[in-house]
Every structure is written in C-alpha cells, then in structure tokens.
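[1] Here you go, sequence then predicted model.
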Amino acid sequence: QVQLVESGGGLVQAGDSLRLSCAASGGTFARYTLGWFRQAPGKEREFVVAASWSGSAYYADSVKGRFTISRDNAKSTVYLQMNRLKPEDTAVYYCAADQDLGDNYAGRPSKYSYWGQGTQVTVSS
C-alpha cells in the first residue's frame, strides 16, 4: 500500500512563492509517475503538473513558467515549487501516484491509484 502525505500549503499574497512537498511510503518510488492536481470550491479536480517515471514533466498551460515539479527518488519525495502565485491558484492541492503510468495518461486523475489528503493553498489579492 502506498501512502502520500502533502505539506507546505498556506496563505500567501499574490506574487509570492510556496513549495509543496509530497512524501511517499510503500512501493517503488522510482517507478511512480507523480502528479499534482488541484480542486477549487465548486470546481472539478484539475491537472497541474506531472513527473513521469521516465523522466518527463508535463505542465498545465495555466502554470507553465511559474510552477516547477521535481522529485528526489532517494527521499521518496516530490516537490512543487510555485512562483508568482495568483488568486486563481487558490485550491486544495493533491499529490497522486501510480506505478509505471504511461506518459499519455499523466494528466488524467482517473489513472492514478494513490492520492494524498490534500493541502490548502490560498492566494490573496
């Protein structure tokens, strides 16, 4: 069983930065595709960014150039560096993982088997 625990959320002002972390336990971390998704009140969960087990990274257009995903396989942790935050980035951010997930599916939440509990990010204007 894989467990994911997010941390690093908080309340910031527009233009600030935050770094989210997601620590994994169980399974073989290096074989995971790791994704970050977010869900704002009244909206569906949406894809933010993913780092595939093959080494590729995929970003939603809304965060390109502002957010960066990185992974430390030795620490079984994935990070989401968020810069130049905007009020529309406000949401609960979820970490997700799935082993050997094809790159074509990296942006689809339904393809991930494991999810964290989420961490709130609030950006004030």
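    Nice, thanks for sending it over.

[2] so where do the strands sit in the protein?
    3-7, 10-13, 18-25, 32-39, 46-51, 57-59, 67-72, 77-82, 91-99, 114-115, 119-124 (DSSP state E).

[3] Between these, which one is closest to R108.
    strand 46-51 (7.5 Å; C-beta to C-beta). Any C-beta I mention is one placed from the backbone N, CA and C, and that applies to glycine too.

[4] Show the average pLDDT along the closest one.
    Across strand 46-51, pLDDT averages out at 97.

[5] What of stretch 100-108?
    Mean predicted confidence for stretch 100-108 is 88.

[6] contact partners of that stretch?
    Contacts with stretch 100-108, where a contact means C-beta atoms under 8 Å, 6 or more residues apart in numbering, come from 31-33, 35, 47, 50, 52-54, 56, 58, 60, 111-112.

[7] Would you format those residues as TSV with distance to R84 included?
    Output for the contacts of stretch 100-108, formatted as TSV (distance: C-beta to C-beta, whole Å):
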residue	distance to R84
R31	33
Y32	28
T33	26
G35	21
F47	19
A50	20
S52	25
W53	29
S54	28
S56	24
Y58	20
A60	15
K111	29
Y112	27
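
[8] Which one (most neighbours) among the residues you listed?
    Each of the contacts of stretch 100-108 was scored for neighbours by other C-beta atoms under 10 Å, and G35 scores highest at 30 neighbours.

[9] Show me what that one bridges to in the sheet.
    A50, A96 (DSSP bridges).

[10] try the one 4 residues further on
    Taking DSSP bridges, one obtains V92 as the residues bridged to Q39.

[11] which one is the spatially most central residue of the chain nearest to, not counting chain neighbours?
    The centroid of the chain falls nearest to W36 when counting by C-alpha atoms, centre = their mean (1.9 Å). Closest residue in space to W36, ignoring its immediate chain neighbours: V48 at 4.4 Å, by C-beta to C-beta, 6 or more residues apart in numbering.

[12] Next: L85.
    L85 sits nearest to V123 (C-beta to C-beta, 6+ apart), 4.6 Å away.
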